[in-house]
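> Starting from these lines, generate the structure:
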Amino acid sequence: MGKPTGFLEYTRVSPQKSAVEERIKNFNEFVKPFDDQELNKQAARCMNCGVPFCHHGCPLGNIIPEFNDAVYRQSWEEAYEILISTNNFPEFTGRICPAPCESACVLGINQPPVNIEEIEKHIIEIAFEKGYVKPVIPNLRTGKKIAVIGSGPAGLAAAAQLNQAGHQVIVYERDEKPGGLLRYGIPDFKLEKKIIDRRIKVMEEEGIVFKCNANVGVNININDLLREYNAIVLAGGSTTPRDLAIPGRENNGIHYAMHFLKQQNKLVDGSDPLANLDTESNIIANIINAKGKKVVVIGGGDTGSDCVGTSNRQGASSVTQFELLPKPPESRTETMPWPNYPMVLKTTTSHEEGCDRAWAVATKEFIGDGKGNLTAIKTVELEWKSEGGRPSQFTERPGSEKIIDCDLVLLAMGFVSPQQQGMLESLDVELDERGNVKATEKEYKTSISKIFTCGDMRRGQSLVVWAISEGRECARKVDEFLMGASMLESKDKSLLS
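Numbers count the residues shown, from 1 in each chain. Below is the predicted model of the structure:
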């Protein structure tokens, strides 16, 4: 490595952020880049460890020590080439990935791990700045046509890889612009949409065609696609939100988190916030706004955190976030040893901006004013029993029920499956026991000839880095199906390189 003693000389430093009182006035990104000196120090912390467990912690198999070494030597084009060999979109993962690679960092055994995610983001931003990111157009075209349905991270990764194999790729997106969850689910203060537009422009220059406002199964007939294309990749994500069917659910003021976030993202973009918001379980007729409201977010994950940050920017009078599970420990315990991904307490930048948090709380009832409007919720505290260090069963704590005033509830409890109505019903494709499209991880084939699937539509709700990995691996299997063999990079090969 560039500096074998770097991990002894420097400690982990996080980038500076804009002050809370300034950043909540807008929806812009607020994490500031490292200067050259600090970036050099952070890269120098990467050890020359015998077995780089970070490779295995990363679902993409990113070659992390090598690009850290290149960053330390300020060999930017080399760092970019190493990074892009395994990750199509480091500008996304460098902003919104929970960085399982850092949990597996060997240095993390007794020190703070290397700041891998930030280094990754700096590599790709420097690469764009220096002009290293250029369209790569295949020398030969195979004459095969492939439809990718869904333009989230899995669909984009599959499209990029299949295009590099020489196939003609057309991506169908039901919304006005490509990006899927990246564009409509992630707030701009975490991922400004110009970052997505920049990547889409490169992909279009490489020959990929994007057809938006194209809702397959609604205004696009799937049977027409089956006749036209040599293969189809289903990458529509897991979009059916988990509901909370308790008394009072019919009151106004109770909304799914993704509807709330999608509307705000569209407002920032200047597009119609009410377009394409209906799902099989709910239709939104009005703009959801937290200004002056007492907001309760039900769900303690990243989507709930995004609701907290968005509510504060809209001017909520208060924001409270509930989590069903007990409060996690602040550091690893003996039940979550290195290099496993630890379930520890996570305090996001949105939490720093103002939020009351409560754990081991269940919502029992939505209380209305008798005129159909939400005024409060009834909650109860939970007592959890653990099994193997993980919460397993709970009982309600007697006498712990509370009434909490609120006039806006955002349900951020995750997603249960892909949307069944429309495309999947028309295809009559086989589903697994959870309602996902059934396909093995080894082949990514569905029950229908020449149709493949990947990402959240196959494995269920997961991380953006897993979606990109799935898209890449699925593309390789599609290429093998069409051509008999594939020269596309596989994750297994990456790990051995």
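> Measure how buried P52 is and give me the count.
Residue crowding around P52 was assessed by other Cβ atoms under 10 Å; the count is 22. Where you see a C-beta, it was placed from the backbone N, CA and C, and this is true even at glycine.
> Which secondary structure element is home to the closest residue to it other than its chain neighbours?
When the adjacent residues along the chain are set aside, P52 lies closest to P65, with 5.1 Å between them (Cβ to Cβ, 6 or more residues apart in numbering). Counting by DSSP states H and E, the element that carries P65 is helix 64-72.
> ok, the residue nearest to P52 - contacts?
M1, C46, N48, C49, P52, C54 (Cβ atoms under 8 Å, 6 or more residues apart in numbering).
> from these, which single one is nearest Q264?
In terms of Cβ to Cβ, no member of the contacts of P65 lies closer to Q264 than C54, at 34.4 Å.
> by contact count, what packs against the following helix or strand past the helix holding P65?
With elements assigned by DSSP H and E, the helix or strand that comes after helix 64-72 is helix 76-84. When contacts are defined as 3 or more Cβ pairs under 8 Å, 6 or more residues apart in numbering; DSSP states H and E, helix 76-84 sits against helix 64-72, helix 116-130.
> now those as CSV including mean pLDDT and distance to E91?
Written out in CSV, the entries for those read as follows (pLDDT from 0 to 100; distance: least, Cβ to Cβ, whole Å):
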stretch, mean pLDDT, distance to E91
helix 64-72, 96, 14
helix 116-130, 98, 5
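> Turn the ones you listed into CSV, including distance to Y341.
As requested, the helices and strands packed on helix 76-84 are arranged in CSV below (distance: least, Cβ to Cβ, whole Å):
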stretch, distance to Y341
helix 64-72, 16
helix 116-130, 14
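> Pick the most deeply packed of those.
For the helices and strands packed on helix 76-84, the stretch with the most neighbours on average is helix 64-72, a mean of 24; neighbours defined as mean count of other Cβ atoms under 10 Å.
> Off-centre distance for that one?
Between the centre of helix 64-72 and the centre of its chain there are 25 Å (Cα atoms, centre = their mean, to the nearest Å).
> ok and that helix relative to helix 76-84, angle-wise?
For helix 64-72 against helix 76-84, the angle by axes from the mean of the first three to the mean of the last three Cα atoms, to 10 degrees is 160 degrees.
> Need the CA coordinates for helix 64-72. PDB is fine.
As requested, C-alpha coordinates have been extracted for helix 64-72 and formatted as PDB (Å, rounded to 0.1, in the frame of the first residue of the first chain):
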ATOM      1  CA  ILE A  64     -11.300  -1.500  -2.300                       C
ATOM      2  CA  PRO A  65      -7.700  -1.600  -1.100                       C
ATOM      3  CA  GLU A  66      -6.500  -1.100  -4.700                       C
ATOM      4  CA  PHE A  67      -8.600   2.000  -5.300                       C
ATOM      5  CA  ASN A  68      -7.600   3.400  -1.900                       C
ATOM      6  CA  ASP A  69      -4.000   2.900  -2.900                       C
ATOM      7  CA  ALA A  70      -4.500   4.800  -6.200                       C
ATOM      8  CA  VAL A  71      -6.300   7.600  -4.300                       C
ATOM      9  CA  TYR A  72      -3.300   7.900  -1.900                       C
END
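> What residues of stretch 314-332 count as buried?
Q314, A316, S318, V319, T320, Q321, F322, E323, L324, P328, R332 (16 or more other Cβ atoms under 10 Å).
> Quickly note the distance from the residue lying closest to I170 once chain neighbours are set aside to K193.
Sequence neighbours aside, V209 is the residue nearest to I170 in space, at 4.6 Å (criterion: Cβ to Cβ, 6+ apart). To K193, V209 is 20 Å away according to Cβ to Cβ, to the nearest Å.
> okay, those two: which has more neighbours?
K193 (18 against 13).
> got the contact list for D188?
Neighbours of D188 in contact, by Cβ under 8 Å, 6+ apart: F27, N28, E29, N265, V268.
> neighbour-wise, which of those residues leads?
In terms of neighbour count, N265 stands highest of the contacts of D188 at 23 neighbours, by other Cβ under 10 Å.
> Could you check the pLDDT of N282?
N282 carries a pLDDT score of 50 in this model.
> Show me the helices in the stretch 301-450 of the chain, by range?
302-314, 349-352, 423-427 (DSSP state H, counting those that start in this stretch).
> Can you tell me what sits against the helix or strand just after the last one?
On the C-terminal side of helix 423-427, the nearest following helix or strand under DSSP H and E is strand 451-453. Strand 451-453 has contacts (Cβ under 8 Å, 6+ apart) with 226, 231-235, 427, 429, 437, 439, 444-446, 474, 477-478, 481.
> And the next helix or strand after strand 451-453, how far out from the chain middle?
Along the chain past strand 451-453, the next helix or strand (assigned with DSSP H and E) turns out to be helix 456-459. Distance of helix 456-459 from its chain centroid, counting by Cα atoms, centre = their mean, is 13 Å.
> do stretch 172-179 as well
With Cα atoms, centre = their mean as the basis, stretch 172-179 stands 17 Å off its chain's centre.
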